[in-house]
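Colleague: Next input, structure requested:
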Amino acid sequence: MIDRPPTLRSMEPKSPGDDKLTLAGFAAAAVTVVALLGAVYWIAEARAHAVRWVVHTHEVRLAIATTRAALLEWQAAPDPLSRAALDGQLARLRELTADNAAQQARVRELDSVLPRAGAGGTPRGMDAARALLASLDAEEQRLLATREEEWRVDITLFWVVTASMAAALFLALAILYVLVDRRRAQQRALLDAEARFHLFTETVADYAMLMLDPVGRITSWNAGAERIKGYSAGEIVGRHFSTFYTPEEAADGKPARELDIAAEFGRYEEEGWRVRKDGSRFWAHVVITALRDSERRVTGFGKVTRDLTERKRTDDALRAEVGERRRTEARLAEANALLEERVEERTEQLSAANADLLEATQRLRELSTRLITAQEEERKRIARELHDETGQALTGIRLRLKDAVAADGHDPRRLEECVTIVDQAIGHIRGLAVNLRPPMLDDLGLADALEWALGQQAKAAGWRASIDARACAERLPPDIETACFRIGQEALTNAARHADAREVRVELHLTDDAIELMVADDGRGFDEEAFASSQERRRHFGLVSMRERAALIGGTLEVESARGKGTCIRARFPIGAAR
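Modeller: Sure, this is the predicted structure:
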């Protein structure tokens, strides 16, 4: 048998609100009675005060009339006795009007005019005295009328206040009755709702619904709680609800913290593992609600538990499946990204290789064209040199030898001239041979060849020349020496033709794996970006040929120049493998 909530044991429980309303009604009645008694006391005091003032006014008026009579008697028989009677009445009048400053002033004025109106006094003095007495009497009549009017107003106000308070008391009692009746109707409706709710909780089997006292002991148990948790009502009612928690959570004080949170915020909700009677665990959705009385004090807690174990298993399986799918998608996305990256990288490499190939093809065409042109120009120059210099020298020798043979005797001077011409031709041919390939490059090495080339160009151009080749005393592979010498020779030639320089410096450095050549001048320089175009390369083939020479043996060439800041050419050739 499941215990019913305590609120169902009595159909008409007495609510603390009823006591408050009853107390408020008695308090209102008491206040009204006290107010009525106070009003009665006040009106009685007001009446006594009014009566005293009316009597006092009549006494003053009587004293005025007596003074007027004594004045007339003194006027008719001005003897000391009548005068003494008049003075006595004046003294009585001063005493009665002591509370009224205006009346006191009139009495003093009356007393001041009487001596001038002695025995046989003038009629004017007596008339002034009578006028003052009339003024005193008129003022008292006005005060009497005012005080009677105030008394009537007080009486009217008393009845108005009394009626208002009685009406307010009646209205308050009526409102109190309505509130009490409405409260009782609400309580009856609440009792009916509680009864229906309790009937509902007893029949619900999908939810464990139970009531807890303020410290967490179980006070009610429904069929759903018995089905989910395995305890009968007799086994569990009165025990602490921490029985349903795992030993670790119970030892950690989690049940008490949940009640504290519910008491502070009105509600606590969570999902977690709970323990059945047989020790098995289930995944539960728990809601704990704080129950409060009209004073907002916590009187207990309502706890609703739902078994979500099957949903938990389904969610975990679905979550695992979703996680695996996401990991698979992430791996696929990573593979796709890697593939796209590789495709883009390969595409960029192919594009760069294609561009390099096109550029190399273009450079090869330009180089072939310039090579053919250079060969033809060199042939023309050599042919012109041989024709103009060596040919003429040989022709002159022939003519002089012919003249010497035709003459009768041999002229030694002619033979000397022939020897001189032959020497000049030999020197010219040697100069051509040196320009074509300096023999010192093969005989002495790269450093001496560069020093010779620098000296030749400096003598022709008028430079201040300097060379630093101390670190390169040993011989290098012939192809490296030839390429390095030709690049240096071309750089010096370009400086002589275009730089308009005053000083040229050549440096040659040898490291463990490379040889570095630097040719720098302080000439006018040039714009590197402008000379990088294909049109400028066709017009100025020197830089292109130097780069090609360096690239043919695996070297690099760098050019640094700016207008007005000179030019610096750096060539680097790897020699580690060759050595």
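
Colleague: what ranges do the strands span in the stretch 251-400 of the chain?
Modeller: Taking DSSP state E, counting those that start in this stretch as the test, the strands found in the stretch 251-400 of the chain are 267-275, 281-292, 298-307.

Colleague: The stretch 401-550 of the chain now?
Modeller: Counting by DSSP E, counting those that start in this stretch, the strands of the stretch 401-550 of the chain are 464-468, 503-510, 514-521.

Colleague: right, so of the ones you listed, which gets closest to M211?
Modeller: M211 sits nearest to strand 514-521 of all those, at 92.6 Å, using Cβ to Cβ. No exception for glycine: its C-beta is placed from N, CA and C like everyone else's.

Colleague: CA atoms only: put the closest one into CSV for me.
Modeller: The C-alpha trace of strand 514-521 is given here as CSV (Å, rounded to 0.1, in the frame of the first residue of the first chain):
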residue,chain,number,x,y,z
ALA,A,514,83.2,26.8,-54.8
ILE,A,515,85.0,29.7,-56.4
GLU,A,516,83.5,33.2,-56.4
LEU,A,517,84.2,36.0,-58.8
MET,A,518,83.2,39.6,-58.2
VAL,A,519,83.6,42.5,-60.7
ALA,A,520,82.4,45.9,-59.3
ASP,A,521,82.6,49.4,-60.7
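
Colleague: Direction included, what does it pair against?
Modeller: strand 503-510 (antiparallel), strand 567-574 (antiparallel) (DSSP bridges).

Colleague: chain center to the longest helix anywhere in the chain, what's the gap?
Modeller: Assignment by DSSP state H gives helix 123-203 as the longest helix of the chain. On the basis of Cα atoms, centre = their mean, to the nearest Å, helix 123-203 sits 63 Å off its chain's mean C-alpha point.

Colleague: After it, which helix or strand is next?
Modeller: Tracing the chain C-terminally past helix 123-203 and defining elements by DSSP states H and E, one meets strand 207-212 next.

Colleague: Only alpha carbons, please: show that next one as CSV.
Modeller: Extracted in CSV, the C-alpha atoms of strand 207-212 (Å, rounded to 0.1, in the frame of the first residue of the first chain):
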residue,chain,number,x,y,z
TYR,A,207,8.3,7.7,-14.3
ALA,A,208,9.6,7.3,-10.7
MET,A,209,7.8,10.0,-8.8
LEU,A,210,8.6,10.4,-5.1
MET,A,211,8.5,13.0,-2.4
LEU,A,212,11.4,13.9,-0.1
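
Colleague: tell me what the next helix or strand along the chain from that strand is packed against?
Modeller: Next along the chain after strand 207-212, taking DSSP H and E as the criterion, comes strand 218-221. Here strand 218-221 touches strand 207-212, helix 233-236, going by 3 or more Cβ pairs under 8 Å, 6 or more residues apart in numbering; DSSP states H and E.

Colleague: Turn those into TSV, columns for mean pLDDT, mean neighbour count and distance to A30.
Modeller: Formatted as TSV, the helices and strands packed on strand 218-221 follow (pLDDT from 0 to 100; neighbours: other Cβ atoms under 10 Å; distance: least, Cβ to Cβ, whole Å):
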stretch	mean pLDDT	mean neighbour count	distance to A30
strand 207-212	87	22	41
helix 233-236	89	16	50
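
Colleague: of the ones you listed, which approaches R570 most closely?
Modeller: strand 207-212 (87.5 Å).

Colleague: and that closest one, what does it pack onto?
Modeller: strand 218-221, helix 223-229, strand 298-307.

Colleague: Now tell me what touches it from outside.
Modeller: By Cβ atoms under 8 Å, 6 or more residues apart in numbering, the surrounding residues in contact with strand 207-212 are 5, 201, 218-222, 224-225, 227-229, 241, 259, 288, 291, 300-307.

Colleague: Please pick the buried ones from these.
Modeller: Burial of the contacts of strand 207-212 was assessed by neighbour count (16 or more other Cβ atoms under 10 Å); the buried members are 201, 218, 220-222, 224-225, 228-229, 241, 259, 288, 291, 300-307.

Colleague: Low-confidence bits of the stretch 301-450 of the chain, can you list those?
Modeller: Counting by pLDDT under 70, the stretch 301-450 of the chain has low-confidence residues at 363-392, 398, 400-412, 414-415, 427-428, 430-438, 440.

Colleague: follow-up on the earlier one: L517: which of the strands of the stretch 251-400 of the chain is closest?
Modeller: strand 267-275 (79.4 Å).

Colleague: How about residues contacting that closest one?
Modeller: For strand 267-275, the external contacting residues (Cβ under 8 Å, 6+ apart) are 229, 243-246, 249, 258-259, 261-262, 281-290, 305, 308.

Colleague: mind listing what it pairs with, with the direction of each?
Modeller: Counting by DSSP bridges, the strands paired with strand 267-275 are strand 281-292 (antiparallel).

Colleague: CA atoms only for the strand it pairs with - export them in CSV, please.
Modeller: Extracted in CSV, the C-alpha atoms of strand 281-292 (Å, rounded to 0.1, in the frame of the first residue of the first chain):
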residue,chain,number,x,y,z
ARG,A,281,23.0,0.5,-13.0
PHE,A,282,20.7,2.5,-15.3
TRP,A,283,21.0,5.8,-17.1
ALA,A,284,18.5,8.2,-15.6
HIS,A,285,17.1,11.7,-16.2
VAL,A,286,16.5,13.3,-12.8
VAL,A,287,14.6,16.4,-11.9
ILE,A,288,14.4,17.6,-8.3
THR,A,289,12.0,20.5,-7.5
ALA,A,290,12.0,22.4,-4.1
LEU,A,291,8.6,22.6,-2.4
ARG,A,292,8.0,25.7,-0.3
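
Colleague: What residues of it count as buried?
Modeller: Buried, per 16+ other Cβ under 10 Å, within strand 281-292: F282, W283, A284, H285, V286, I288, A290, L291.
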